[in-house]
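>>> Got a predicted model here, sequence first, then my questions.
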Amino acid sequence: MAIGFDSALGLHPDALTLRARRAEVLANNIANADTPNFKARDMDFASVLAGVKGEGQQPLALKTTQTGHNRHIADPNFAADLMYRIPHQPAVDGNTVEVQEEMARYTDNALRYQASFEFLNSKFSGLSKAIRGE
């Protein structure tokens, strides 16, 4: 009986990729906390992951009049674009980054990344033991 990696590993490889992408976005928000008129951005992780798994909406198709036109509005690898965050209290200079909240989101994302990584590590360890016959 053959085992496919998709069924053995579940959604955790995709989750790691999305968590890494979200970490970049959150780190960019923190780095631009003092930039005038910078707007904090984030992604809706659940909807993006559902789109990667094929459970969400498909990207919207555009009418193409020439063969060189782009066929999708959104990147087909990700179900949603980055969204702007609505701040509780925007700065006077137009910046919407709230550093404490961004750091809390970054930490939460890092913990969830680590959890998925540990889960994948245990899955590979179990597969290695099965191959060795332990």
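Sure thing, it's come through.

>>> Just list whatever residues bridge to Ile83.
Careful, residue 83 is Met; it's not Ile. Asp42 (DSSP bridges).

>>> Burial check on Arg21, number of neighbours?
Arg21 has 16 neighbours, counted by other C-beta atoms under 10 Å. Placement of C-beta: from N, CA and C, glycine included.

>>> any idea how far Tyr106 is from it?
Taking C-beta to C-beta, to the nearest Å as the measure, Arg21 falls 13 Å from Tyr106.

>>> again, but for Arg132
39 Å.

>>> what about the protein, any weak spots by pLDDT?
For the chain, the stretches with pLDDT under 70 are 1-10, 45-81.

>>> Could you spell out which stretches of the protein belong to which domain?
11-39+90-129, 44-81 (automatic domain parsing).

>>> For His88, which three-state class applies?
Secondary structure assignment for His88 (DSSP: H, G, I helix; E, B strand; the rest coil): coil.

>>> quick one: it and Gln100 touch, right?
No: between His88 and Gln100 there is no contact, the gap being 10.6 Å when judged by C-beta atoms under 8 Å.

>>> Who has more neighbours out of Arg132 and Tyr106?
Between Arg132 and Tyr106, counting by other C-beta under 10 Å, Tyr106 is the more crowded of the two (17 against 7).

>>> which ones are touching that one?
Going by C-beta atoms under 8 Å, 6 or more residues apart in numbering, Tyr106 touches Ala23, Leu26, Ala27, Ile30.
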